[in-house]
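Undergrad: need a 3D model of the following:
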Amino acid sequence: MTKPKTPNSAFPTRRFEGTVSKDEVSVSVAFSAEVNARGELKLVFDPLPHTNETFALRRGLSRGEEVTFWSLNATGPEGESLSSDSFHLTGYSSRTGENGDDLTIQGTCSEVEIVQELSEPSPFPQFRWTFRRFRTFSRLGHPIEGGTLYAGGAAPNPEDGQLITGFIAIQSDQAEVEPEWWTKIEARADHVRRVLSLASGVYLRSYMEDRLEGTTHRLRVFSLSKAPEPFLAPFHFLNLEPIFKSACTSSAEVCARFLELDPALRWLLSPAHYDESRLLGAMTALENIVEQAYPAKEFPLVKRGAFDRFAKAVRALIREHDLPEPVLSKVPELNRASFIDKVQRYVDEHGIVVADFPHGGLEPVIKARNAVVHTGIYFNDEPGEIDIWDHILVARELVIRILLNALEFEGNYFSALHGDEQLRFPSCRRLADKQHHEIPIDDPAGEPRPVVRRSSRESTE
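TA: Numbering: from 1, shown residues only. Next up, the predicted model:
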């Protein structure tokens, strides 16, 4: 049996010498540094003598307290520089030997920058982010203002799902660029990252950033938590081209609109281990969307003056009947639109198709969400009660359609609500329906149309 090939490091092991410092304390250190195939910074320090300075460094190890950050600055044998303002200890060991006592520290950086000079200059400036769990069939590319944007990703390693697999990169179309170019292309890359996160069913985060200009290569490494597995991705990795193109060509207005929906996107794609958590994630995403669109203070049911007069009379009535004091705190809520009313208004104003949703629309989903919030669990013991999985699919489907609408996307996507069948957006009609008939909402008996279970597409890749 052949041994699996060891993945290449993103930055091979090199020696550095420098200082760890904070306020008046400065400690000379020597260490080796590597950025492995996961995009993780690994530091191995040489032993240190016991001094007042190293004692202060050891004392900086926080256990259950606020993390103490130090500055780490060092240089390599070929002039490479490594710097970070977020170095912190993760442990230390002390040893007594023939040559005296010494101290070995362990630590890492929340963010670090490594700068090195290359032997040959790059013809064009380049920017690159790398991700875990991002996959494409082949490399995607599309021209943007100031250059060309590329994206790609390999199949995840079955032995280690946390290896770096994907990237977004931009190459300038000019040999020299102004500082503003980096700001503009990073904003575009950030928009594409969000859109591809939605498409892939996992919120993509950059573990490394490369900037290449002339002979200077700047590598930034970010310490992040593990990347979760994709979940119910509305686009298949074999056909990301349409939504990738949509992201590359989005107007500034669309980019700004999609950025405002980032909290909802994060909630939709937040990892969860229980179905109740998945339902709450999708519903919280929806609540975030409608609350941003219709803040309670800006969209009351009744104008403030008229409601204040009404509220005064209601409070007087409450006191007259000697009702409990907590009833008074409920009065302001009378002037707030309900969640379902806000959702219906948003759907109507933005033209979101919901005609194919199961009988009852979102009301059963909201009741399920309330049950989870107040009890921590969803029960479906009653005869005919809908399974929580069906509620999850309805909630996620609506949020996905809202996000695609904000992106002004036109094309095909996989609908988990319809058993992974491809629908045409924004009409949300089946591709197989050549005459574009509406998808039936209910069966002839008027009973709720069952939600079709997700297919085994993911398991057969």
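Undergrad: pretty sure I366 is touching F339, no?
TA: Yes. Judged on Cβ atoms under 8 Å, I366 makes contact with F339 at a distance of 6.3 Å. Where C-beta positions appear, they are placed from N, C-alpha and C, glycine not excepted.
Undergrad: select the longest helix from the chain.
TA: helix 179-200 (DSSP state H).
Undergrad: that one - what's its average pLDDT?
TA: Averaging pLDDT along helix 179-200 gives 97.
Undergrad: what's the first helix or strand after that helix?
TA: Next along the chain after helix 179-200, taking DSSP states H and E as the criterion, comes strand 208-213.
Undergrad: mind listing what that following strand pairs with, with the direction of each?
TA: Note on strand 208-213: by DSSP bridges, its sheet partners are strand 126-132 (antiparallel), strand 216-222 (antiparallel).
Undergrad: identify whichever of those lies nearest to K22.
TA: Among the strands paired with strand 208-213, the nearest to K22 by Cβ to Cβ is strand 216-222 (21.0 Å).
Undergrad: longest strand of the protein?
TA: strand 81-97 (DSSP state E).
Undergrad: now do the helices in the stretch 301-450 of the chain.
TA: Assigned by DSSP state H, counting those that start in this stretch, the stretch 301-450 of the chain shows helices spanning 304-320, 339-350, 363-375, 388-406.
Undergrad: just say which of those is most tucked in.
TA: Highest mean neighbour count of the helices of the stretch 301-450 of the chain: helix 388-406, a mean of 23 (counted as mean count of other Cβ atoms under 10 Å).
Undergrad: what average pLDDT does it get?
TA: The predicted model assigns helix 388-406 a mean pLDDT of 95.
Undergrad: over to stretch 326-339?
TA: Averaging pLDDT along stretch 326-339 yields 76.
Undergrad: give me the contact list for it.
TA: Outside stretch 326-339, the residues that touch it by Cβ atoms under 8 Å, 6 or more residues apart in numbering are 287, 290, 294, 296, 299-302, 307, 311, 314-315, 318, 345, 366.
Undergrad: so who does the residue lying closest to G18 once chain neighbours are set aside touch?
TA: The shortest distance from G18 to any non-neighbouring residue, by Cβ to Cβ, 6 or more residues apart in numbering, is to A74 (2.6 Å). By Cβ under 8 Å, 6+ apart, the residues touching A74 are 16-19, 29, 31, 81-83.
Undergrad: now, of these, which are buried?
TA: Among those, those scoring as buried are 16, 18, 29, 31, 81-83 (criterion: 16 or more other Cβ atoms under 10 Å).
Undergrad: dump the helices of the stretch 301-450 of the chain into a markdown table; add distance to S427 as well.
TA: Converted to a markdown table, these look like this (distance: least, Cβ to Cβ, whole Å):
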| stretch | distance to S427 |
| --- | --- |
| helix 304-320 | 40 |
| helix 339-350 | 14 |
| helix 363-375 | 23 |
| helix 388-406 | 11 |
